[in-house]
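> One predicted model, sequence on top.
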Amino acid sequence: GEDVEQSLFLSVREGDSSVINCTYTDSSSTYLYWYKQEPGAGLQLLTYIFSNMDMKQDQRLTVLLNKKDKHLSLRIADTQTGDSAIYFCAEALRGYQKVTFGIGTKLQVIP
Amino acid sequence: NAGVTQTPKFRVLKTGQSMTLLCAQDMNHEYMYWYRQDPGMGLRLIHYSVGEGTTAKGEVPDGYNVSRLKKQNFLLGLESAAPSQTSVYFCASRRTGYLSEAFFGQGTRLTVV
């Protein structure tokens, strides 16, 4: 299967940590990605993780991968109002030609 | 450094009219994609291309046609627009390889009345 699932909405207070979750069903996925979409714009790559890794940290971002449960999460430390956006997880399938996206999680940061 | 450029940015069509959305990329990418984004549905792949002269169907290809006559351009056509095609359309491109970032255009907001 090629389904990527995410919750629709998350609200956090400025300065708190945000955790956005994603589940995928294709066990052959090798790379998993997080993209960010700001209002009125296209998507931009935030970070990625290779399937043989459990965790990847990049400044305020931490990606956790549980391959057994096919669960991916993105943690944003010290969330800022500028982090308000829609976050998509994605996987590259079929020889990496196609990229399948989840429905996106809208993160609202309350000042 | 333009990246991925979509034209037009906005368009209103009447039911039954036709139009073509243009996507142009200047990064010499092999792969190009057309997605539509609808509330609660996320991004759904319409068609994609893995090289000049090739196209393939995505998840939701019905009612759309595409062409990739030149490597840098990927055209999305609606032959007879329907209200169900009201959406925001995004084009993206990537180079070959599994760890390649998809670069997106700014989107085209299409309304079919």
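Perfect, thanks for sending it. Numbering: from 1, shown residues only, chains lettered A, B, ... in the order given.

> Look at residue A:78 and say how many residues are nearby.
Neighbour count of residue A:78, defined by other C-beta atoms under 10 Å in any protein chain shown: 11. In this view, the C-beta of every residue, glycine as well, is placed from N, C-alpha and C.

> cool, and residue A:30?
Neighbour count of residue A:30, defined by other C-beta under 10 Å: 14.

> how about the strands of chain B, start to end?
Per DSSP state E, chain B carries strands over the ranges B:4-7, B:10-13, B:19-25, B:31-38, B:42-49, B:56-57, B:65-67, B:73-78, B:87-94, B:103-104, B:108-112.

> Tell me what the residue positioned nearest the centre of chain B is bridged to.
A centroid search over chain B (C-alpha atoms, centre = their mean) returns residue B:34, at 2.8 Å, as the residue closest to the centre. Following DSSP bridges, residue B:34 is listed with bridge partners residue B:47, residue B:91.

> ok, now how distant is it from chain A?
12 Å (C-beta to the nearest C-beta, to the nearest Å).

> tell me the contacts of that residue?
Contacts for residue B:34 (C-beta atoms under 8 Å, 6 or more residues apart in numbering or on different chains) come out as B:21, B:23, B:45-48, B:58, B:64, B:66, B:74, B:76, B:89-91.

> could I get the strands of chain B as TSV with mean pLDDT?
Shown next, in TSV, are those (pLDDT from 0 to 100):
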stretch	mean pLDDT
strand B:4-7	96
strand B:10-13	96
strand B:19-25	97
strand B:31-38	95
strand B:42-49	92
strand B:56-57	94
strand B:65-67	97
strand B:73-78	98
strand B:87-94	95
strand B:103-104	92
strand B:108-112	97
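
> As a markdown table, these with distance to residue A:74 would be great.
Formatted as a markdown table, the strands of chain B follow (distance: least, C-beta to C-beta, whole Å):
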| stretch | distance to residue A:74 |
| --- | --- |
| strand B:4-7 | 24 |
| strand B:10-13 | 31 |
| strand B:19-25 | 27 |
| strand B:31-38 | 20 |
| strand B:42-49 | 16 |
| strand B:56-57 | 30 |
| strand B:65-67 | 32 |
| strand B:73-78 | 29 |
| strand B:87-94 | 20 |
| strand B:103-104 | 18 |
| strand B:108-112 | 27 |
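
> State whether residue A:62 and residue A:75 are indeed in contact, as I suppose.
Yes: using C-beta atoms under 8 Å, residue A:62 is in contact with residue A:75, at 4.3 Å.

> ok, residue A:58 - contacts?
residue A:47.

> Then residue B:2?
Contacts of residue B:2 by C-beta under 8 Å, 6+ apart are B:24, B:26.

> Tell me how far it lies from residue A:33.
Taking C-beta to C-beta, to the nearest Å as the measure, residue B:2 falls 23 Å from residue A:33.

> re earlier: compare the contacts of residue B:34 and tell me which is most surrounded.
Most surrounded of the contacts of residue B:34: other C-beta under 10 Å gives residue B:74, at 30 neighbours.

> The nearest residue in space to that residue that is not next to it in sequence: neighbouring residues, count only.
In this structure, residue B:74 finds its nearest non-sequential neighbour in residue B:32, 4.0 Å apart by C-beta to C-beta, 6 or more residues apart in numbering or on different chains. Using other C-beta under 10 Å, residue B:32 is surrounded by 27 other residues.
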